[in-house]
Structures are given as structure tokens and as C-alpha cells.
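> Kindly generate the corresponding structure for this input.
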Amino acid sequence: MSMRTFLLPLIPVVLAGSAWSAEPPVAPANGEKPWSEQFTMVLKEHERTFVVYNGAAYLVMQADDLKDPGFLDRKDVMIDGKFERADRDKAWFYHLDKLVALAPADRWATRLEGDNLHIFGKASTGTAANGLPQVTLAVTAVEVAASDAQVIAKLIDAVPANDYDARLKLAASVRETGQAQGNRDFWNVSADNIVVQAIDAALIEAEAKKDAKLLHKAMGWAIDTLKDPTVAARVGSQAWIQQAGGPDAEAVARRMRALDFEFYNGQWRPRPEAYVLQFDDRFNAIAWRDAESYYKLGRWVEANAELIPRARELSHRAYQAAYRADPKHNGTRRELGLEAISAGGGDKSTPKGPFNHADSGLVLDGPEGWLRSDPISGDATWIDPKSDTAFVSIKVLQGDSAGVDFEAAWTRQRTALQGRQGFAVIEEVDLPFRQGKAKRMRFSYKEGRYTRLAETVVAYGSEAKCAVVLDGSFTEGEQDAVGGALLELFERLVIPAAKEKGAIKQPSADGAGTQDTNS
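Have a look, this model is predicted:
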């Protein structure tokens, strides 16, 4: 499972509160400070910091100073502010609501919301338009301060990667600081990234030492601090803890199941995801003629319908596969809304020998090496004994169902295929047919969320007014085998003329040849 990913890059976080805390200002990443020196002095019984910039001393202003505007009046001050917005010569900063900075408009023109700045100037007190006290700063200089990203990176570098408790405290502090920042989301993401880094470092150490206790701690950080069960699943899916088994693995299992996760295919996954993957694997493992297994799979989906997304769609897919495997399976027929077949009813024997269509007189041998089976679609079906999925079928259309000519027959068949979900033509070509016209089409469609491949050939006998449809279904690896079988059937295809229909060719008793029923 991939590690947790965030939209913003991992970096930044200023503690020591931004520049408006009592801590000294933070210098840019290159280590250069815009002031030449700094010193402290006691003012009003509190030690305060001053910086010297261009030969002049400036008091480092704190946010709380705005509660006593008179204290700042006529003092040279430096503020560390996070730029919020500007209106011509005026600028405002996040969480310094009682302060407005005045400077030529070009001083603010290139500033972006969230920029950290050192602003130098002379403060004066007055009254804002709303009648409340206001501090105005006549700006003498503006310098770029370290970005949030640089500040956070510096804080991270100061804490050893394997000091997990300190890293978690740092994350909490970053998150708390973010509540007072204009770009709160960035700070929260940075806090999450610090926790993820601690988890990843702990996992490396836990695996090296086979330390199950440390792994459980990391899982707790994911659950309690990140509030992210997917990260907890990644922690609990470590191969070594699963292979070790015993109480430690059982403790992981209890925690994950309490979060509605299931262990499947080597990973803890959200239960709906695990069930869908289990369905896919079970479906693909069933031999396509195993109607009972498909039917049971459909019933399993319905039994867990509250947990499986698109449960009705998946169960119907299983029942459709069961019906294709055995149209006489009464459990499947019931689920598909079809009438049951009585125990003694119907022909239970699998058809053998050539296909014989009594109404048209058409007789057709199956592809070489393929076996005749119960019809999956159409009037007759042959299966490839080397495959669990490949089959070809034939359907004979007469009268209104055939249409008045080839174009009518082809349009009708193509329209029916286009109704399938995700239908897309791969190839469509005309085939030479001496009795009329024929066309071949290879296409794909969706069965559930899976892409299936299929091929159809439509041949129309102009004199007999009869259409024959040859269909094949296959996986990508079976494309050549099924395509060859369809062409083999097509090359053998002879549609009897109307005058020949009285002499129907029937299979002989042993299936080895044919006999004329009128002789």
C-alpha cells in the first residue's frame, strides 16, 4: 500500500509564533538577517528585543502590544507580519487587525497573500473609521522573512528522526500554530506530514528489531493523531508482523476489524474494497461451465449486499455467467426471473454431431477439435476444450427476424450489440459470400466493470431470405483461436435455397454422416 500522499509539499512550520512572538525574528534560509545586530532592554518591567537596521534601533513588536496602543505611539518598531491584502498605499496583516501599514503602493504590488515580511517603521496611534483604536505604521523598509516552509523545515531538522515523542509534540505544536495562520490548511498538512514521517521511521526500526510494541504505537499514531485508518492499515499490513502471527498479529487484526477493515491478498483493506476484490478473484477462478459455483458466488454477494458496492450488479453478473454455463440450472433461473425446469422435463443430454436446423435445412459441422455443448446463445454452441472461456455459437434467422435483405439483417444485429454497456467497434470488414452478402465485426463491451471481447459474423442468403449469425466470445489471448473457429464455420456455411428445404439433411444415428430424410 502506498504511503499517505498530500496535496501540499512537506515542509514548513513556524513556532515561536510567527514574528509577533517574544522570540527573536527568524532569518531567511541563507542565514542572513536584515538587521546588523539585536539586543534586549527592559520596558514596563518586561525584557524586550530590539534590532538595529540601517543604523536605527527598532522595537520588535508583539501582537499583544496592540492592546495598549499608547505604548507603541511614536516608537520605531519592527513587526513580523503575514501579508493579507493591500489597497493602494495601505496593507493589512493576518491577526494584526488593529494595525494598518502605510507605504507607497509599489511596496505592496509584488506581495502575495501569506508572504512573511519584516516591516520597519514608526508607529502612531489614532482612531479607525469604525471608531475603534488603531495603530498606523509609517513604513520605512520592507524585507522578506523566512517562509512558513523554511521555518517548519528548520524546526523539523532540530528534532531527531527517531525521537518519536518529540516529533509528535512538534506536529501538535505546528497544528496549533496553524490555527492562528492565514494559510491554516498548509500548516495542518505539514503537521500530518510530520506524523507520517514519524510513522515511517518507526516502521523501519520496528522491522529491523522485530519490535511489535513499536509497530502498535505507530498504528496508534495513525488512528488517534492522523485519524486516518488507511495509514493504520499500511502499518498493520507489514509482512513481518503477519508472518510472525501470534498475539501481536491478533491484536492488529482486532484493531483493524474494529475499523471495518478486512485482510485480503496481503493487505488490510476497507471491507467493501476487500469484498469486491474477493468477488473478482473468485469469479475469475471459476471454470466457465461451472454453473453451480457461479450461482453460489451470486448468492454470497447478495448475502453481503450491505457491504459490497454495486452488489446487485455483481450478483447479476454471476447469475448471467451461471446461465451461460447451464441454462437448465434452476437456482440461476429463479434468480433471473425465469421459470424453473421440472426434474423430469427437458432434454438432459448434451447435443452431439453436426448442428441441424430443421426449418431452414441448414446443417453445419463445428470447428475442428471443438466440442458441441448446450446452447449458451443462439441455436447451437461449440466450446474450445483447451479454454475455460472461449466459445462460438450459431443463430439462424428467418422471416421477419431475418429482414428483407442483408442491410436490414446487419442493422438489426448491430443495433442489438450496441445496446451493451461500453460497446466499441474494433474492426468491421466485408466477407465474400457467394450466396449473398456477409460482414464480420470484432468489438468490445463492458460486463460489470470488466472489458470483454467478442466477434460476430452475419451472412445473408439472398435467395433463401435467411440470415445466419455466428458469434464468438473470448479473452485477448484467445482472439486468434476464436476468430479462426468463426471463419472455419463461415467457410463451411451453405444456406439451402427455398426449393431444397424439403430435403433436409439429418445426422446419421452414429453422428458420423448425414442421411436424406426423403429417401
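
> what residues are up against residue 482?
Counting by C-beta atoms under 8 Å, 6 or more residues apart in numbering, residue 482 makes contact with 384, 390-392, 455, 472-474. Where C-beta positions appear, they are placed from N, C-alpha and C, glycine not excepted.

> Mind putting those residues into CSV with pLDDT?
Converted to CSV, the contacts of residue 482 look like this (pLDDT from 0 to 100):
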residue, pLDDT
384, 85
390, 81
391, 85
392, 91
455, 94
472, 90
473, 83
474, 81
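
> can I get these in TSV with distance to residue 216?
Output for the contacts of residue 482, formatted as TSV (distance: C-beta to C-beta, whole Å):
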residue	distance to residue 216
384	53
390	50
391	53
392	57
455	56
472	55
473	50
474	50
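
> ok, and the most crowded of the residues you listed?
When neighbours are counted by other C-beta atoms under 10 Å, residue 392 leads the contacts of residue 482 with 30 neighbours.

> any idea how far residue 286 is from that residue?
Distance of residue 392 to residue 286, computed by C-beta to C-beta, to the nearest Å: 21 Å.

> show me what contacts the nearest residue to residue 463 once chain neighbours are set aside?
Counting by C-beta to C-beta, 6 or more residues apart in numbering, residue 463 lies nearest to residue 497, which is 5.0 Å off, once chain neighbours are set aside. For residue 497, the contact set (C-beta under 8 Å, 6+ apart) comprises 461, 463-464.

> Residue 284 too?
Counting by C-beta under 8 Å, 6+ apart, residue 284 has no contacts.

> Please state the offset of the strand or helix carrying it from the chain centre?
In the assignment (DSSP states H and E), residue 284 maps to helix 271-285. Computed by C-alpha atoms, centre = their mean, to the nearest Å, the chain-centroid distance of helix 271-285 equals 16 Å.

> Listing request: residues of the stretch 201-350 of the chain with sub-threshold pLDDT.
342-350 (pLDDT under 70).

> which residues of it fall in helices?
212-220, 229-236, 239-244, 246-258, 271-285, 291-303, 311-325, 330-335 (DSSP state H, counting those that start in this stretch).

> I'd like those helices as TSV, with distance to residue 364 appended.
Shown next, in TSV, are the helices of the stretch 201-350 of the chain (distance: least, C-beta to C-beta, whole Å):
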stretch	distance to residue 364
helix 212-220	64
helix 229-236	56
helix 239-244	56
helix 246-258	57
helix 271-285	32
helix 291-303	26
helix 311-325	21
helix 330-335	28
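
> and of those helices, who's closest to residue 446?
Residue 446 lies closest, by C-beta to C-beta, to one member of these: helix 311-325, at 10.5 Å.

> Tell me what residue 430 is bridged to.
On the basis of DSSP bridges, residue 430 is bridged to residue 439.

> so what's it up against?
With C-beta under 8 Å, 6+ apart, residue 430 has these contacts: 437-440.

> can you check residue 404 too?
Residues near residue 404 by C-beta under 8 Å, 6+ apart: residue 465.

> confidence score at it?
Looking at residue 404, its pLDDT reads 92.

> What are the boundaries of the helices in the stretch 51-200 of the chain?
Using DSSP H, counting those that start in this stretch, the helices found in the stretch 51-200 of the chain span residues 69-72, 106-109, 148-157, 164-178, 184-209.

> Now the third one - C-alpha only, PDB.
When you say that, I think you mean helix 148-157. Output of helix 148-157 as PDB, limited to C-alpha atoms (Å, rounded to 0.1, in the frame of the first residue of the first chain):
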ATOM      1  CA  ASP A 148       6.400  29.100   6.500                       C
ATOM      2  CA  ALA A 149       8.000  26.200   4.600                       C
ATOM      3  CA  GLN A 150      11.500  27.300   5.700                       C
ATOM      4  CA  VAL A 151      10.500  27.800   9.300                       C
ATOM      5  CA  ILE A 152       8.800  24.400   9.500                       C
ATOM      6  CA  ALA A 153      11.800  22.700   7.900                       C
ATOM      7  CA  LYS A 154      14.100  24.300  10.400                       C
ATOM      8  CA  LEU A 155      12.000  23.100  13.300                       C
ATOM      9  CA  ILE A 156      11.900  19.600  11.800                       C
ATOM     10  CA  ASP A 157      15.700  19.500  11.400                       C
END
